[in-house]
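> structural data only, the sequence is not supplied:
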């Protein structure tokens, strides 16, 4: 389908430059941009993950890594890691 649209001059220059770089037409670049705008990719909902200890020693028992406040409290105690083991 053919249609006429009005877009900002600078935006048109960007679209035209992208079309040249990708070897496509301005119409194809605009069509892809409109499709992406109408159907944006789904956002991940912050998938949860598990922190696994690595190296020697592992995690200190009683430290809740899912709580920033609890971790900060342990860090503020001021004792060395070796002394806490």
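Thanks, I have it. Only a predicted model underlies this, so the values are computations on that prediction, with no experimental measurement involved. Numbers count the residues shown, from 1 in each chain.
> my read: residue 71 touches residue 65, true?
Yes - between residue 71 and residue 65 there is a contact under Cβ atoms under 8 Å: 6.2 Å. (C-beta placed from N, C-alpha, C; glycine too.)
> element containing residue 32?
With elements taken from DSSP states H and E, the one containing residue 32 is helix 26-38.
> for that helix, buried residues please.
Using 16 or more other Cβ atoms under 10 Å as the test for burial, helix 26-38 gives 29, 30.
> now for it, which elements pack on it?
Secondary structure elements in contact with helix 26-38, counted by 3 or more Cβ pairs under 8 Å, 6 or more residues apart in numbering; DSSP states H and E, are helix 9-22.
> which residues touch the helix it packs on?
If you take Cβ atoms under 8 Å, 6 or more residues apart in numbering as the criterion, helix 9-22 is touched by 7, 25, 26, 28, 29, 30, 33.
> make TSV out of those residues and add pLDDT and distance to residue 61.
What follows is those, written out as TSV (pLDDT from 0 to 100; distance: Cβ to Cβ, whole Å):
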residue	pLDDT	distance to residue 61
7	94	61
25	96	63
26	96	62
28	96	59
29	97	57
30	96	59
33	95	53
